[in-house]
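1. let's see this in three dimensions:
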Amino acid sequence: PQLPAAAPSTPSAAPVPQGKAILLALLFGERFLLETSTVKAFNAGNLSHSLALSGQHLLVAGLAGMLLVWLAARMHPGLYLWRPRTVLIPLAACPAALGYLWLGNAPPSLLRAAGMLLLLATAMALAHLRCMPLPQTLRERLPSSGLDVLCCTLLCITVISPLSVFDTGLQLSALCVSVICCATPLMGQLLRRIPRTSPGQRLLRSLASILLVSFFIQLALLPLSLLLFNNSGLWFLLNVFWLPVLGTLVLPGAFLGLGLSLCGLGPAAALVLDVVALPCQWLVDGLLFLQTQGWLSVPPILRPHWTALPAMACLFLALALRAGRPGLPPAGKRLLICGLLLACVGPALRLHHSLVPRLELSVPDVGQAQAVLLRLPHGQTLLVDAAGSMSRSWNPGRELLLPLLACNARPGLDAIINSHPDIDHAGGIPPLLAAFPEALLLHNGQPGSGQMGHIWQATLQKRKNAPLHAGDTLQLGDPEDGLALHVLHPPRPAPGAYVWEGNSASLILRLVHNGHGLALFPGDADGAALRHLLASGRDVQADVLLAPHHGSDSSFLPEFLTAVRPRLVVASCGAFNRFGHPGKQLRQWLEEQQVPLLQTGRHGHVRVTWPLSGGTEVPLLDWDTARPVRP
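-> Prediction:
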């Protein structure tokens, strides 16, 4: 799981020590003082969960309940004869939990944890109250284990708010709790080998339990983290060092300082908070140092097929059934077989794609930007444009294209071709080149402008690159495949010739197979560039046309569309964009000609495939989208 990037503070405001900003986030969930670098460091270090108001904060409420029960038992020792501590402590912790729920403004994660605590306390109290005799069958059905409480809590949440089942935070929380419950018997068997006769051994046992919990949670979350966040979480070992400090020093000290402040003891509260802020500041400094050295960054990792999620669930349930038993029961064997079969789906699909030669063209939904991914028959990958956005904290190249390149395939990128260095076509190139430093950068030879100006210049200086001009041909993959990219525009610069600039200088590329046009990529070419291309007499026929300039009316040219003769037109544009792309003229013309138009903002990720047999026949065209077309 990852935290959203924090908004940068105003230039006039003095920088807040990040250790104190972390205390504010821990106590109240307020992250507006966290700097973007701190948030990114926590995400990279797999520690972002520690800043969420969740069950670990209610441990302080549990400690308060233990303290209340201990004080009450010191005054009335017969209390333990009336009810066991397993009932008294959850009941005593409920008032503190409800108070913190109000203090923390009741975020969803804290509501879920408080609901589990209240449900557990109520169930245990009902099971032990003598004044309320319950039938034996009802006593047996009361939730008593962690999984029982989790299921009952999820049932209550679903009844109250059915749409909550689609909340990623709820899914992650439920998965983490279920993993802890399922792995507890196995962890108990492993921890029995560590004696508890000395303080050092008890400390070692506590650290080992944290390590095991972190390991099992990270292992269970690995497919989901890769699929949703493109984060492998290899630095989960940092939890072994941070969570004990957080649970035994930072959180109790923060609550103590908050209590002293509420009691009017301001100087004492400030002293306590300054002390507990030191470990937080040391953690931030350490994470930033690791990030500066490049140790927190990991190379792109293969993102598994979605079937890896149920496969991991089956394997963990089988592991839970195995704990405490001499052998695996029949249900566990069935779960194990089912999990292994599901785990083989992704590799089988990858093997099938490698054995069946085909060309795949993907136009992902990157908002009001553009990116095209080409997967060649023998595993090579090529990007034509790499999207971008005006945001300083969210980059489509890093957040969308990088995961797409590793989606159930070998993470790799052989080349990036940039049609023109506008931010909506080139903004994602720097993070992609950082992840794949061997990728070749090809471009139209124009300098960047605006926000992209200095970034583009620095990118060209650091990476190997080459400009392209009309007449250039790029051979793709194995020569026997017959695939090539023909550069149709802009012309090669010549003395006294017209200078093409801006959108007019966009690269226009034609993908061909043994001379037959498969796809045409005109970038943001305007009407003048398209007329010049038609006047040059070059062949522009193609099965698939990427709408020029996102389908803008300024690039609508009927004679150009007639010359292309597309069987499918794809417009890369954002949903409900303020520019009105694709334009009305383009939509009307395509409707009259009965040519399908797919829009990424409406239809989602568009995929087009051509099965290639290696011969000279024209390959068949097949396409699909990420979601069905809305009427």
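2. so what's the gap between stretch 518-536 and the chain middle?
-> 37 Å (Cα atoms, centre = their mean, to the nearest Å).
3. report the buried residues of that stretch.
-> Residues of stretch 518-536 classed as buried: 518-527, 529-530, 532-533 (neighbour count, 16 or more other Cβ atoms under 10 Å). C-beta: built from backbone N, CA, C; applies to glycine.
4. ok, now stretch 577-587?
-> By 16+ other Cβ under 10 Å, the buried positions in stretch 577-587 come out as His581, Pro582, Gly583, Gln585, Leu586, Arg587.
5. and stretch 443-461, end to end?
-> 13 Å (Cα to Cα, to the nearest Å).
6. stretch 72-82 too?
-> By Cα to Cα, one end of stretch 72-82 lies 12 Å from the other end.
7. for Ala220, which non-adjacent residue is closest in space?
-> Val179 (4.4 Å; Cβ to Cβ, 6 or more residues apart in numbering).
8. one step back: want to throw the buried residues of stretch 577-587 into a markdown table with secondary structure, distance to Gly471 and pLDDT?
-> Output for the buried residues of stretch 577-587, formatted as a markdown table (DSSP: H, G, I helix; E, B strand; the rest coil; distance: Cβ to Cβ, whole Å; pLDDT from 0 to 100):
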| residue | secondary structure | distance to Gly471 | pLDDT |
| --- | --- | --- | --- |
| His581 | coil | 31 | 93 |
| Pro582 | coil | 30 | 94 |
| Gly583 | coil | 31 | 93 |
| Gln585 | helix | 31 | 94 |
| Leu586 | helix | 29 | 94 |
| Arg587 | helix | 34 | 94 |
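9. just put those residues in CSV and tack on distance to Gly537.
-> Formatted as CSV, the buried residues of stretch 577-587 follow (distance: Cβ to Cβ, whole Å):
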residue, distance to Gly537
His581, 30
Pro582, 28
Gly583, 27
Gln585, 25
Leu586, 24
Arg587, 29
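10. doesn't Phe316 make contact with the residue nearest to Ala220?
-> Yes - Val179 is within contact range of Phe316, at 6.4 Å (criterion: Cβ atoms under 8 Å).
11. what touches both of those two?
-> Both Val179 and Phe316 are in contact with Ala220, where contact means Cβ atoms under 8 Å, 6 or more residues apart in numbering.
12. re the thing from before, report pLDDT for the residue nearest to Ala220.
-> Val179 is assigned a pLDDT of 80 by the prediction.
13. which element, helix or strand, includes it?
-> helix 168-191 (DSSP states H and E).
14. beyond that helix, next helix or strand please.
-> helix 199-229.
15. just checking, what packs against the helix or strand just after that next one?
-> Next helix or strand after helix 199-229 toward the C-terminus (DSSP H and E): helix 238-245. Secondary-structure packing of helix 238-245 (3 or more Cβ pairs under 8 Å, 6 or more residues apart in numbering; DSSP states H and E): helix 199-229.
16. which positions in the helix it packs on come out as buried?
-> Neighbour counts over helix 199-229 (16+ other Cβ under 10 Å) mark 205-206, 208-229 as buried.
17. rounded mean pLDDT for it, please.
-> 79.
18. off-centre distance for it?
-> Counting by Cα atoms, centre = their mean, helix 199-229 comes out at 20 Å from the chain centroid.
19. mind listing what the residue lying closest to Gln585 once chain neighbours are set aside touches?
-> In this structure, Gln585 finds its nearest non-sequential neighbour in Phe556, 4.5 Å apart by Cβ to Cβ, 6+ apart. Each residue near Phe556 by Cβ under 8 Å, 6+ apart is listed here: Gly527, Gly583, Gln585, Leu586, Trp589.
20. roughly how far does Trp394 sit from Gly169?
-> Per Cβ to Cβ, to the nearest Å, Trp394 is found 19 Å from Gly169.
21. just for the stretch 151-300 of the chain, where's the confidence low?
-> 233 (pLDDT under 70).
22. can you rerun that using 90?
-> The model of the stretch 151-300 of the chain has pLDDT under 90 over residues 151-267, 290-300.
23. circling back to that earlier point, for the buried residues of stretch 577-587, which one is nearest Thr197?
-> Nearest to Thr197 among the buried residues of stretch 577-587 is His581, at 72.1 Å by Cβ to Cβ.
24. isn't Asp526 up against Ser555?
-> Yes - contact criterion Cβ under 8 Å: Asp526 and Ser555 qualify, at 5.4 Å.
25. overlap in contacts of these two?
-> Residues touching both Asp526 and Ser555 (Cβ under 8 Å, 6+ apart): Pro548, His549.
26. what's the weakest-modelled helix or strand in this structure?
-> helix 136-141 (a mean of 56; mean pLDDT, DSSP states H and E).
27. still on that earlier bit, and the pLDDT at the residue nearest to Gln585?
-> Reported pLDDT for Phe556: 94.
28. picking up where we left off before, greatest separation within the buried residues of stretch 577-587: which pair is it?
-> His581 and Gln585, at 11.6 Å, using Cβ to Cβ across the buried residues of stretch 577-587.
29. sec struct for the nearest residue to Pro558 once chain neighbours are set aside, please.
-> Computed as Cβ to Cβ, 6+ apart, the closest residue to Pro558 that is not its neighbour in sequence is Trp589, at 6.1 Å. Under DSSP: H, G, I helix; E, B strand; the rest coil, Trp589 falls in the helix class.
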